[in-house]
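In: Show me the folded form of this:
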Amino acid sequence: MLTGIMGGTFDPIHTGHLLAAERAREEAGLDEVWFMPAGTPPHKPNAPKAPARHRLGMVEAAIAGNRYFRAEPIELHRDGPSYTVDTMKELKELYPDRDFYYIIGADMVQYLPHWVRINELAAMVRFIGLARPGYSADTGSLPAELRSSVISIPMPQVDISSTMIRDMRSRGRSVKYLVPDAVLAYIEENRLYES
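Out: Sure thing, here's the model as predicted:
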């Protein structure tokens, strides 16, 4: 089973995330994509705005009805920073019959050499680098041992961010069509990101 992992804070999950997951699934021939909300992301200085249970709830609402997508809450059950290498080691032990692909934006492709224990991680997974506005998924500048671990996949350019959605919500602006209807209903019901 070829399984894509899409990690992120998903604060909130939006249509750009879903489009990226679908492009990765189709272009790389993945059997499934698992959305994995981060507990305490080590690379972000501020804690997520929405609590973990709400971020997971929004992911579940967004992917309901898509048989290829599932939520994976493994990082939410961990204290302290969550490093991808530790999570993937645990997932490989739990699911030895799966080949994992870690889906990242083109901006993160260039940053891969700085990931914690990257060589250990690259031995466990392949990376799918998706085109993103203003960034190239070119692997030419990566060390040779990483270059072969990255598959570059084109993606329609959708310039949506969770930060933009939170900001719009805090100013009372509509985020309809930036997030799936089920996520918008969840945000409104739980009064998330209001000023």
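
In: contacts and neighbour counts: CA atoms only from here.
Out: Noted.

In: now the helices for the protein?
Out: 15-28, 52-63, 84-94, 106-109, 118-124, 144-147, 162-170, 181-189 (DSSP state H).

In: hmm, who's touching the second one?
Out: Residues outside helix 52-63 that contact it (CA atoms under 8 Å, 6 or more residues apart in numbering) are 9-13, 35, 37, 39, 69-71, 73, 76, 180, 182-183, 186-187.

In: mind running it again at 6 Å?
Out: For helix 52-63, the external contacting residues (CA atoms under 6 Å, 6 or more residues apart in numbering) are 182-183.

In: Would you mark the buried spots in it?
Out: Of all the residues in helix 52-63, those buried under the rule 16 or more other CA atoms under 10 Å are 52, 54-63.

In: Show the contacting residues for Ala182.
Out: Ala182 neighbours (CA under 6 Å, 6+ apart): Ala61.

In: how near is it to Glu60?
Out: 9 Å (CA to CA, to the nearest Å).

In: Same question for Ala106.
Out: 25 Å.

In: now swap in Phe127 and tell me
Out: For Phe127 relative to Glu60 (CA to CA), the value is 24 Å.

In: ditto for Tyr193
Out: 18 Å.

In: Over to Thr9?
Out: 14 Å.

In: between those two, what contacts are shared?
Out: Common neighbours of Thr9 and Glu60 (CA under 6 Å, 6+ apart) do not exist.

In: if we can go back for a sec, now, which of the buried residues of helix 52-63 sits nearest Ile153?
Out: The nearest member of the buried residues of helix 52-63 to Ile153, counting by CA to CA, is Ile63 at 21.7 Å.

In: any low-confidence regions in this structure?
Out: 41-45, 133, 136-137 (pLDDT under 70).

In: Surely Leu2 touches Gly29?
Out: No. Leu2 sits out of contact with Gly29 when judged by CA atoms under 6 Å, with a separation of 7.6 Å.

In: Who has more neighbours out of these two?
Out: Leu2 (15 against 12; other CA atoms under 10 Å).

In: Tell me who's in contact with Gly39.
Out: Taking CA under 6 Å, 6+ apart as the test, what Gly39 contacts is 75-76.

In: next one: Met155
Out: Neighbours of Met155 in contact, by CA under 6 Å, 6+ apart: Ala131.

In: at 7 Å what do you get?
Out: The contact partners of Met155, taken as CA atoms under 7 Å, 6 or more residues apart in numbering, are 20, 23, 130-131.

In: got it, and Glu26?
Out: Contacts of Glu26 by CA under 7 Å, 6+ apart: none found.

In: Could you number the chain from 175 rather than 1 from now on?
Out: New numbering, starting at 175: the last item is Glu200.

In: bridging residues for the closest residue to Ser323 other than its chain neighbours?
Out: Nearest non-adjacent residue to Ser323, counting by CA to CA, 6 or more residues apart in numbering: Arg300, 4.9 Å away. Following DSSP bridges, Arg300 is listed with bridge partners Tyr275.

In: Can you report how many residues lie near Arg300?
Out: Arg300, neighbours per other CA under 10 Å, totals 19.
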